[in-house]
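Asks: turn this into a structure:
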Amino acid sequence: MDQELKQGDRMPAFTLPGADGGAVSSETFQGKPMIVYFYPKDNTPGCTKEACGFRDLYQDFENAEAVVVGISKDSPRSHRNFREKHDLPFLLLSDESGEVCERFGVWRLKKNYGRESMGIVRSTFLVDGDGIIVRAYRNVKVEGHVEQVLADLRAMKEE
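Replies: Next up, the predicted model:
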């Protein structure tokens, strides 16, 4: 079992293709807080609800000078369609190889209706401007999650 990242750990650096195909590096955002959220699949009900939650509060995250990044194993083209369909203003990055998912410890054995399979466990990481994980949210329930991340970001900025 791979190691789970936790509060106080340094976020692994990554470079992944974005929805428009160009490479995006986490180091680009050094000095800014980041919300890095991992989700199973574009255009599924829970993932759409979560993405729209970040969209609806995006201005609040921007006002806190934070970067929001969504990551799944979907292709850049799938991300582009998802972004356009739901008017998502933040970055969606494609980890088709699953390497970044594994480094963050979100690629796990999941059980669904008695069947086991590997997949992304919905997870979010609140990272400070120095690249340190302030909060790791695991097995995220979508309802109220985005609001909690925003509240934690604001509390972090006040410290």
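
Asks: could you pull out the helices for this structure?
Replies: 45-56, 58-63, 76-86, 99-103, 145-158 (DSSP state H).

Asks: I'd like the average pLDDT over the shortest one.
Replies: Per-residue pLDDT over helix 99-103 has a mean of 95.

Asks: also stretch 51-65?
Replies: On average, stretch 51-65 scores 97.

Asks: buried stuff in that stretch?
Replies: A51, G53, F54, R55, L57, Y58, F61 (16 or more other C-beta atoms under 10 Å). Placement of C-beta: from N, CA and C, glycine included.

Asks: if we can go back for a sec, out of the helices of the chain, nearest to V24?
Replies: The minimum distance between V24 and these falls on helix 76-86, with 10.5 Å, by C-beta to C-beta.

Asks: what is the least confident helix or strand in this protein?
Replies: Taking mean pLDDT, DSSP states H and E as the measure, the chain has strand 107-112 as its least confident helix or strand, at a mean of 86.

Asks: what about dumping the CA coordinates of that strand to CSV?
Replies: What follows is strand 107-112, C-alpha atoms only, in CSV (Å, rounded to 0.1, in the frame of the first residue of the first chain):
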residue,chain,number,x,y,z
TRP,A,107,-5.3,5.5,-6.5
ARG,A,108,-6.8,2.8,-4.3
LEU,A,109,-8.8,-0.4,-4.2
LYS,A,110,-12.5,0.6,-4.1
LYS,A,111,-15.6,-1.5,-3.5
ASN,A,112,-18.8,-0.8,-5.3
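
Asks: who does it pair up with?
Replies: strand 115-120 (antiparallel) (DSSP bridges).

Asks: and the contacts of the strand it pairs with?
Replies: F38, Y39, P40, S72, K73, C101, V106, W107, R108, L109, K110 (C-beta atoms under 8 Å, 6 or more residues apart in numbering).

Asks: now those: which count as buried?
Replies: F38, Y39, P40, S72, K73, C101, V106, W107, R108.

Asks: surely the first one touches R138?
Replies: No. Counting by C-beta atoms under 8 Å, F38 stays clear of R138, with 10.1 Å between them.

Asks: find residues that contact each of these two.
Replies: Joint contacts of F38 and R138 (C-beta under 8 Å, 6+ apart) are V121, S123.
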